[in-house]
Structures are given as C-alpha cells and as structure tokens.
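# 3D model of this:
(one chain, ligands or ions: 1)
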Amino acid sequence: MAEQVIITGAGLGGLATALRLTSKGYKVKVLEKYHQPGGRLNSYKEQGFTFDLGPSFFSMSYEFDELFHSCGMENPLKYQQLAPLYTVNFAGSDRNFQIFRDLKKLAEEFKDIEPDFEAKCRKYLAGAKTIFHDTEYRIVKKNFNGKFDYLLSMAGVPWKHAPAMFRSMWTELDRHFESHEVKVIFSLVAFFLGATPFDTPAVYKLLNYTELEHDGYWSVEGGMYRIVETIVAELEKRGVEFEYGTEIKKVHRIGKEVSGLEDQNGHVWKADLYVINADAAAFRGQVLGREKYSEPKLDAMDWTLSPFTIYLGVKGKVEGLHHHNYFLGNNFKEYADKIFKLSVNPEKPYYYVNVSSKSNPACAPEGCENIFILCPVPDMRYKTHWQDAETLADNIIADLSERTGFDLAGNTMVRKVMPPDEWRDTFNLYRGSGLGLAHGLNQIGAFRPANKDESLNNLYYVGASTIPGTGLPIVVISSKLVTERICHEHQLV
Ligand SMILES: Cc1cc2nc3c(=O)[nH]c(=O)nc-3n(C[C@H](O)[C@H](O)[C@H](O)COP(=O)(O)OP(=O)(O)OC[C@H]3O[C@@H](n4cnc5c(N)ncnc54)[C@H](O)[C@@H]3O)c2cc1C
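Numbers count the residues shown, from 1 in each chain. Okay, here's the model as predicted:
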C-alpha cells in the first residue's frame, strides 16, 4: 500500500515535492495556512488587475523542465525570456541602462563609462562560470549526511575558488571594473539572495553568470502564478487533497516518530511521513520548541531582507517603464550599509518595478497597467512596526512618478501595500524576512537546517530555509533532494 504523506505548506517547495512523491506512488495530502496555494509565489486580483504577489522572474528554467519530466509530464509552461534582462535608472539621471545578455550590446551601453568592458566582463564571467559548474553537483544538488560529509564535498571544490569565499562580492567587482555604475548594476544579484553585495561572499558572482551567460531570466506566459495553477491541477488529477485555512501549531510524537500534526482548531492530521514546507528554522523553534532554534537563537541567525511591496493598477500606459526596472539612488554603499539595520523608513528608497502587463496584456484591463513595486527593507528585528507603511508607499510612488513622468497617484485604480508584518503573518515568514535564512558560508550546505529532522525519523523539510537555499529554481531542487531522501529511507513495497 502507498505510504501516506502530509505536506505542510503549499508553497512551490511543497507543491513540487507533492508532484515528485505522487510520481513515486506515495499518497499525498497538503495542509496550507493561506486560502490558496503558492506561498510567496502567489497572486492578487482586484478590479480586473492580476498581480504576481512576489516572484516575477526566475533563472535556471531547466529546473522546471526537470521537475515535470521526472514526473512523467511535458512541461506545460510557456516561458518568456527577459530581453533586455532589466533596465536601471540612477536618481538624478534621465539615462536608463538596458542590461543585455549580448555582451557586445552591453559594451555599447557602457562604452562611455567602462572602457574595454567586453574583455573585462568575459574575464569576470569566466571565473563565475567555473564556480557555478564546480559547485552545482558537488554542493548545490546534493544531500549531505552531516557536516563531515559536507566538508568532504567542499574539499572536492577546486581550491582556486577559496579566496572568493572570503572576500565580498563588492570587492570582487572592484577588482574587475572601474565604473561605479557597472559595479552597482552587477552587484544587484546579491539582493536576489536577500542580502547586500557588501555582506555576500564573492562566490555568488556565479549569479552574474546565470543571468548574463548561462540561462538568463524568464517569466511565464499568463503570469508567474501559472506555475502554481499548473502543478495544482496535475496534483488534483492525481487525487491529492488540499486543506486551506489550516495552520499547524503542534507536533504530536510517539518516541522518535511524529504521530500527527495538530492545527489551530485542535484537529490532528495523521500520515506515515510528514514534510514541512514552512520555514525550516522557524518551524523547529516555534512549533517543535527546539532550544537550538529558540527566539533569541533564531534572531541571532542571518536573515534575508524584508519585502515592502506595492501593487498599483493604473489607467494609461506608462511609457517610461519596461517589464523589469530598477530605480536606484546615488549613495549605494552608504544605503546598503545602513538602511537594512534602521528602525525607520528609508528617505530615498531604492526599489524594483515589474510591469507584467507589458508582456501579458490579460493581467490588466485594456489601456491599463499593473505595476508591482518591491523595496527591500529591514526585517522586523530592526523595524518592528509598520504603521507608517502608507507613507513609505506614497514616497515611492511620488518618486516613480517623477522618474517616469507619469502621474501614478492621479491615475490609480487599485492600490494595495504589503509591508513586512503582512508578509510575516500571511506566510509565517520569520520576522518578515522575504527569502528566509541568508546564504553566508555559516548557513549553507550542512550548516543550513537539514531537510531531515534531527530526532524524528518520519519528519522532513523542503523550501527556502533548508538546503540548498532560496529562489524558485533552488526550491525546485530542494524538492528533488527531499524526495530522494524520503525514497531512500522509506522505500515503498
Ligand atoms: C517579494 C518577493 C519577491 C521574490 N521574487 C523572486 C523572484 O523574482 N524570483 C525568484 O526565483 N524568487 C523570488 N522570491 C523568492 C521565492 O518566492 C521563494 O524562494 C520561494 O517562493 C519559496 O518557496 P517555499 O516553498 O520555500 O516557501 P513559501 O512560498 O513561503 O511556502 C511555504 C508555505 O507554507 C505555509 N505555511 C507556513 N507555516 C505553516 C503552518 N504552520 N501550517 C500550514 N502552512 C504553513 C505558508 O503559508 C506558505 O504557503 C521572492 C520572494 C519574495 C517574498
């Protein structure tokens, strides 16, 4: 008989694991706190506007192919490549840098600020490429049985990469480029890890390789939520049951086994195996009551920045905006060094803007635009209250209006603001941290909360705060790793 698995959390990690486990013959039920699936990869609709709640693009598109193919399906998603990848505007300038994957075109873009850009960039990317390929299978796509096993794998990574573990990404960029603008633009990938280039190890320059040379960035025709709808439709066909509005508060155990999960209404859900897609560190502390993950210890860990997001449905077409845009200031280092530890709103915020109606017209009524704004802000250890959320939103909207020459406030039809406390409460994100645990060397591989519980034999974890880390394709890899572990430890008869 098929073993029964309960997955707690219908984020991408939980859904992808459900797809893989049902393909192996396990019977799966999914419990989710929110009223619909997707977790951070969610959707918000109002008055004919559809917004992607969080993620707006992804790298390593082939990980989704692998997911579907390994589950006996064609990949039904239609990808749209981001070309240019994005545009960048620095405050006080009319110039919008377009970031192309074609290095000759990119060199043209930077020709007056970075002489000999193409040669410098090829050299920089060559180093990034070797880091990517030398770690992909040794470190990223691998389950570890403890720290020794992990360190053994690390020892297999060529020693030439060691310096890049200990210097910052900014220092690395400084070694290759002269132009401040080029360095800032290339360092934006650090924010995808939820950190700044000044506290991100240089090994993550591999992300520049993924954006500029390897697979690039992609979104999905019809909007990012298609990923969730597609997987859920297939799971429903396979008989997977979903229970929404169900938050697990307590774990029942008998000896070294979980015997049930208790929800907020006192109902106990039972299965043979349990996979937790809630944050792997916070769940261990807040629900399992583990001392190693007590509140002071969780607070002492490194967490990624919090999202402050705005969803604007506007009348009219905003010509000054492309699909993906960054609006930055002129004090990058000072901003990155200070802002994320402050307890007040940034005065001149740096932010990202996505307008998916540019390539998916169905996401907005005719002649309108759906504008998503993401401003990284301090997590709630530093800024504990968000009563001033609307003030920050007004400030950002006014700045964007000025920089695009389009009166956004005067043409707003829909406006929703989602500050860190709402992200925290909606998806149980620890202190409102957007991407989960950070990715310093002390919190990756065997130093990240494992995907198998330390003491309960039938309890597993998947998602952004377990291995390998955060971001959509990486979470898909996480589902592969946990499925491999489960299949290895609980073979079906
Ligand atoms: C604003 C924002 C923008 C982002 N942009 C990008 C991007 O452009 N590209 C990219 O690749 N990545 C992006 N990310 C990161 C990406 O969204 C995450 O890495 C990924 O979605 C995490 O998936 P997950 O399954 O680990 O967790 P989640 O999506 O958080 O799913 C976990 C689920 O578990 C549920 N849950 C939690 N606790 C319980 C409980 N006790 N009981 C029941 N259910 C529970 C939650 O409600 C949630 O639905 C972004 C993240 C944010 C916040």
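# What is the burial count for S343?
A count of nearby residues for S343, using other C-beta atoms under 10 Å, gives 10. Glycine gets a C-beta too; all of them are placed from N, C-alpha and C.
# where do the helices sit along the stretch 251-400 of the chain?
280-286, 295-300, 332-338, 389-404 (DSSP state H, counting those that start in this stretch).
# so which of the ones you listed gets nearest the ligand?
Closest of those to the ligand is helix 280-286, at 6.7 Å (criterion: C-beta to the nearest ligand atom).
# For the stretch 151-300 of the chain, what lies in contact range of the ligand?
Contacts of the stretch 151-300 of the chain with the ligand, taken as C-beta under 6 Å from any ligand atom, map to E247, I248, N277, A278.
# quick revisit: can you tell me which of the helices of the stretch 251-400 of the chain is most buried?
Greatest average neighbour count among the helices of the stretch 251-400 of the chain goes to helix 280-286 (a mean of 24), per mean count of other C-beta atoms under 10 Å.
# any weak-confidence spans in the stretch 351-493 of the chain?
Applying pLDDT under 70 to the stretch 351-493 of the chain picks out residues 493.
# Pick out the residue of it closest to the ligand.
Counting by C-beta to the nearest ligand atom, the stretch 351-493 of the chain gets nearest the ligand through G463, at 2.6 Å.
# what kind of secondary structure is the nearest residue in space to that residue that is not next to it in sequence in?
Using C-beta to C-beta, 6 or more residues apart in numbering and skipping residues adjacent in sequence, the residue nearest G463 is G13, 3.5 Å away. Counting by DSSP: H, G, I helix; E, B strand; the rest coil, the backbone at G13 sits in helix.
# ok, G13 - how many residues close by?
32.
# That one reaches V475, doesn't it?
Yes: here G13 reaches V475: they are 4.7 Å apart, a contact under C-beta atoms under 8 Å.
# Now the common contact residues for the two.
V462, G463, A464 (C-beta atoms under 8 Å, 6 or more residues apart in numbering).
# Taking these, please make a ChimeraX selection of just the buried ones.
The buried residues among those can be selected in ChimeraX (16 or more other C-beta atoms under 10 Å) with this line:
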select :462,463,464
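# is it possible to export the shared contacts of G13 and V475 to a markdown table including secondary structure?
As requested, the shared contacts of G13 and V475 are exported to a markdown table (three-state DSSP):
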| residue | secondary structure |
| --- | --- |
| V462 | coil |
| G463 | coil |
| A464 | coil |
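# Specify the local secondary structure of the spatially closest residue to E241 that is not a sequence neighbour.
Leaving aside its chain neighbours, E241 sits nearest to K29 (4.9 Å; criterion: C-beta to C-beta, 6+ apart). Recorded secondary structure, K29: strand (three-state DSSP).
# bridging residues for K29?
I6, E241 (DSSP bridges).
# Against the ligand, how distant is it?
12 Å (C-beta to the nearest ligand atom, to the nearest Å).
# Can you get me a residue count around L125?
L125 has 22 nearby residues by other C-beta under 10 Å.
# check contacts around the spatially closest residue to E295 that is not a sequence neighbour.
Counting by C-beta to C-beta, 6+ apart, G285 is the residue found nearest to E295 once chain neighbours are left out, at 6.7 Å. Applying C-beta under 8 Å, 6+ apart to G285 gives the contacts K292, Y293, S294, E295, K297, L298.
# close enough to count as contact, C121 and D102?
No: between C121 and D102 there is no contact under C-beta under 8 Å: 11.3 Å.
# Between those two, which is the more surrounded one?
C121 (22 against 11).
# Secondary structure element holding the more buried one?
Using DSSP states H and E, C121 maps to helix 117-135.
# how many neighbours does the closest residue to E114 other than its chain neighbours have?
Excluding the flanking residues, the one nearest E114 by C-beta to C-beta, 6+ apart is S179, at 4.1 Å. Using other C-beta under 10 Å, S179 is surrounded by 16 other residues.
# My guess is H69 contacts N75. True?
Yes: with contact defined as C-beta under 8 Å, H69 counts as touching N75 (7.0 Å).
# ok, the two, which is more surrounded?
N75 (15 against 12).
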